[in-house]
Structure formats: C-alpha cells, structure tokens
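Peer 1: the sequence and its predicted three-dimensional model are supplied below.
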Amino acid sequence: MTPRLLTAALALALASADHRDDKDHVVVTPHDLKWQDGPASLPKGAKSVVLEGDPTKAGEFVLRVKLPDGMRIMPHTHPKDERVTVLSGTLYLGMGDTFDEKKAVAMPAGSYGRTGAGMKHFGFVKGETVLQLHGTGPWAVVYLNPADDPRNQK
C-alpha cells in the first residue's frame with residue numbers, strides 16, 4: 001500500500017470509528033473539542049481542552065492549549081518533563097530565568113520540543129497558536145517570579 005493510500009485508509013477508519021474514551025481506545029475529533037478558559041496557570045486569554053487523562057492527577061495526560069496572538073509566558077519550570085507539539089501558529093521558546101525574546105527559538109506548526117524537569121524556560125506566540133502537551137501528572141507550572149503567576153494576580 002502506498003503512503004497516500006495508507007493515509008486515506010487511516011483517515012477513513014478514524015472517521016468511521018466509534019467515538020469512545022476508555023483505557024483501550026480514544027478518538028477525539030475537532031468537533032468533540034470543548035475549549036474552556038484556562039488553565040489558571042496561564043495568562044488570561046488562554047483556552048484549553050483535556051483530550052485524555054487528568055493533568056492534576058498521577059498518570060499520563062494529553063492537553064491542548066490555544067494561546068492568542070502575542071501571549072507571553074514568563075520564566076517558569078515544571079516538576080516533570082514537558083513535551084509539546086505545535087499544531088498551528090508559532091511558539092517561541094527560550095531557556096533561562098529572564099524573559100528575552102532574542103534568546104527564543106521559533107517553533108512553527110509541526111515542531112516538537114521537550115523541556116526537562118526543572119529547566120527554566122519561557123515562551124511567547126505569534127499568531128493564534130495551538131499546542132498539544134503530553135506528559136505525566138500531576139502537572140504543575142512554577143513561575144520563577146511569583147508576581148508573574150496569573151494565579152497571584154487579581
């Protein structure tokens with residue numbers, strides 16, 4: 001089977017699949033997505049949807065995050081590795097404890113990155129950007145400067 005036929009067969013199989021979510025099978029189509037405000041650890045304007053698992057509990061999870069054009073995420077860390085795939089838009093990811101756009105690397109749609117547990121990093125987006133994060137919970141964002149944490153802002 002050629003790659004084109006294989007792709008078409010896979011798309012047909014997924015399109016006709018029974019939509020369920022259990023330990024053995026998960027199918028989520030764009031129509032199924034119910035975007036919500038948050039998470040609270042990101043600046044106002046972010047939207048998210050959990051595709052699988054629960055980021056607040058132990059175990060694997062998959063989360064999509066939609067960030068509006070220009071959103072900045074100040075320097076922070078995570079207690080576990082962060083794995084991100086850019087689905088649309090452009091994420092700029094920089095390492096270090098100071099936000100510096102010049103130190104950020106552009107990650108256009110289709111890019112993948114892993115940031116190790118405890119690594120200090122920051123980001124910003126150009127154009128509305130959708131990211132898919134997968135990892136192991138419980139998930140947390142720890143801002144280096146507590147004043148940068150949206151949960152501390154009124």
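Peer 2: Ah, there it is.

Peer 1: how about the helices of the chain, start to end?
Peer 2: Taking DSSP state H as the test, the helices found in the chain are 3-16.

Peer 1: tell me which other helices or strands the longest strand that it contains touches.
Peer 2: Secondary structure of the chain read by DSSP state E shows that its longest strand is strand 121-137. Applying 3 or more Cβ pairs under 8 Å, 6 or more residues apart in numbering; DSSP states H and E, one finds that strand 121-137 makes contact with strand 59-67, strand 72-77, strand 82-95. C-beta: built from backbone N, CA, C; applies to glycine.

Peer 1: turn these into CSV, including mean neighbour count, distance to His31 and mean pLDDT.
Peer 2: As requested, these are arranged in CSV below (neighbours: other Cβ atoms under 10 Å; distance: least, Cβ to Cβ, whole Å; pLDDT from 0 to 100):
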stretch, mean neighbour count, distance to His31, mean pLDDT
strand 59-67, 18, 14, 97
strand 72-77, 19, 29, 98
strand 82-95, 18, 16, 98
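
Peer 1: tell me which of those lies nearest to Gly137.
Peer 2: strand 59-67 (5.3 Å; Cβ to Cβ).

Peer 1: neighbouring contacts of that closest one?
Peer 2: 33, 35, 39, 42, 45-55, 87, 89, 125, 128-137, 139 (Cβ atoms under 8 Å, 6 or more residues apart in numbering).
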